[in-house]
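[1] Pasting a predicted model and its sequence here:
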Amino acid sequence: MTSHRIWHDVARRRPCSRKTSGFTLVELLVVIAIIGILIALLLPAVQAAREAARRIHCTSNLKQIGVALATYESTHKVLPFGSGYSITPTGTWVAFILPHLEQQQLYDMFNFNVSMKDAANKAATSTPLPTMTCPSDPDAGNQIFYSDSLAHLNPNPAVKLWYPVCMGPTEDDKCDFCYTSKSGPDDADSYCCQGWDWGSKEGRFVGMYGRYPKGVKIKEVSDGLSNTIAGGETLPMQCIYNGAFAPNFPIAGTTIPINTFEVCDVAGGIYYRACGYKSLHPGGANIMMGDGSVHFFNEYIDYRLYNELGTRAGGESVSLANLGP
């Protein structure tokens with residue numbers, strides 16, 4: 001009897017229904033809003049991390065190129081020349097250092113007794129080169145130029161070049177940013193417009209590389225390897241001439257300020273304004289010095305300093321220390 005009463009009392013106290021738990025529509029919308037805010041806050045950080053990784057990759061490419069150039073010089077006792085331009089046999093500095101980039105097989109595909117544009121070199125000049133490609137450029141997945149308007153002497157198809165070597169402040173036909181006028185090779189030179197015609201006339205280039213079949217010896221870089229620009233990055237889709245095996249000019253100069261985003265996408269275009277050093281890394285571009293070190297140059301670098309760092313034997317009292325922090 002007692003046990004029956006206890007069971008009855010427990011049953012009487014037990015609730016006959018339960019309140020179910022869950023999110024209301026308002027609560028769900030609040031959670032979604034919070035997640036959206038967190039994604040918005042994290043996305044720039046993720047993008048910044050990815051860009052940092054691409055910039056490191058780009059720096060690594062330039063360092064590999066620097067080592068290859070140094071190895072070439074150690075072997076031949078002279079640096080490779082930029083290009084032979086219209087002289088046959090010819091080639092470009094990129095082709096010459098291929099064995100030192102672990103690309104001996106590709107090097108062996110070239111016939112240097114004919115022009116780069118010759119059909120005999122078509123397979124070689126259209127072989128992609130990851131080491132010569134900047135991953136920050138959205139166009140990096142498309143490493144080949146296909147165009148009937150490619151400049152005289154340049155092969156078609158042609159491998160694009162993201163890292164041209166440097167001719168310094170050598171005259172590039174117009175020197176548009178230099179505010180000087182030259183009508184011939186005997187005009188007075190200025191700090192930002194020296195030499196003549198990309199260095200193709202009698203080797204008149206003042207940087208470490210020129211458009212002339214004569215390489216520079218290390219002893220000729222009297223300004224010091226660590227204080228002389230040897231190369232840097234560019235955007236080949238803004239300069240149709242920047243081909244790795246394009247003799248017209250696989251080089252760039254300092255007469256065009258860093259990150260001048262003008263475009264020369266047809267032969268005969270504004271190459272004298274568009275074919276300088278530039279990148280899609282925020283604020284500047286990676287620049288390789290003669291000693292193989294790589295530094296990030298701010299796009300607002302002093303123009304005169306930039307050009308003076310481009311000469312190999314200008315005798316200027318400048319160094320990387322002048323760049324500041």
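    Alright, I've got the coordinates. Numbering: from 1, shown residues only.

[2] What segments of the stretch 151-300 of the chain are helices?
    271-274 (DSSP state H, counting those that start in this stretch).

[3] Equivalent analysis for the stretch 1-150 of the chain, please.
    Counting by DSSP H, counting those that start in this stretch, the helices of the stretch 1-150 of the chain are 2-13, 25-76, 93-97, 104-109, 122-125.

[4] Name the residues of the last one that are buried.
    The neighbour-count criterion (16 or more other Cβ atoms under 10 Å) identifies 122, 124-125 as the buried residues of helix 122-125. Every residue, glycine included, has its C-beta placed from N, CA and C.

[5] what's that helix packed up against?
    If you count contacts as 3 or more Cβ pairs under 8 Å, 6 or more residues apart in numbering; DSSP states H and E, helix 122-125 packs onto helix 104-109.

[6] can you list contacts of the helix it packs on?
    Here helix 104-109 makes contact (Cβ atoms under 8 Å, 6 or more residues apart in numbering) with 95, 98-99, 121, 123-124, 127.

[7] Give me the buried subset of those residues.
    95, 98-99, 121, 124, 127.

[8] returning to that earlier point: make CSV out of the buried residues of helix 122-125 and add distance to residue 116.
    Converted to CSV, the buried residues of helix 122-125 look like this (distance: Cβ to Cβ, whole Å):
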residue, distance to residue 116
122, 10
124, 9
125, 6
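
[9] Tabulate these (TSV), appending distance to residue 226 and pLDDT.
    Listed next are the buried residues of helix 122-125 as TSV, based on distance: Cβ to Cβ, whole Å; pLDDT from 0 to 100:
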residue	distance to residue 226	pLDDT
122	40	92
124	34	94
125	33	93
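
[10] If we only consider the residues you listed, which is nearest to residue 135?
    Proximity of those to residue 135 (Cβ to Cβ) peaks at residue 125, which lies at 22.3 Å.

[11] contacting residues for the closest one?
    116, 155, 157-159, 243-245.

[12] are any of the residues you listed buried, and which?
    Neighbour counting over those (16+ other Cβ under 10 Å) leaves 116, 155, 157-159, 243-245 as the buried ones.

[13] who touches stretch 65-80?
    Identification of contacts with stretch 65-80 by Cβ under 8 Å, 6+ apart yields 93, 96-97, 100-101, 131-132, 163, 165, 208-209, 215-218, 230-231, 288, 291-294.

[14] make it 10 Å
    For stretch 65-80, contacts defined as Cβ atoms under 10 Å, 6 or more residues apart in numbering pick out 91-103, 131-132, 163, 165, 208-209, 214-218, 220-221, 225, 230-231, 288-294.

[15] Mind checking which of these land in strands?
    Using DSSP state E, the members of these that fall in strands are 165, 230-231, 288-289, 294.
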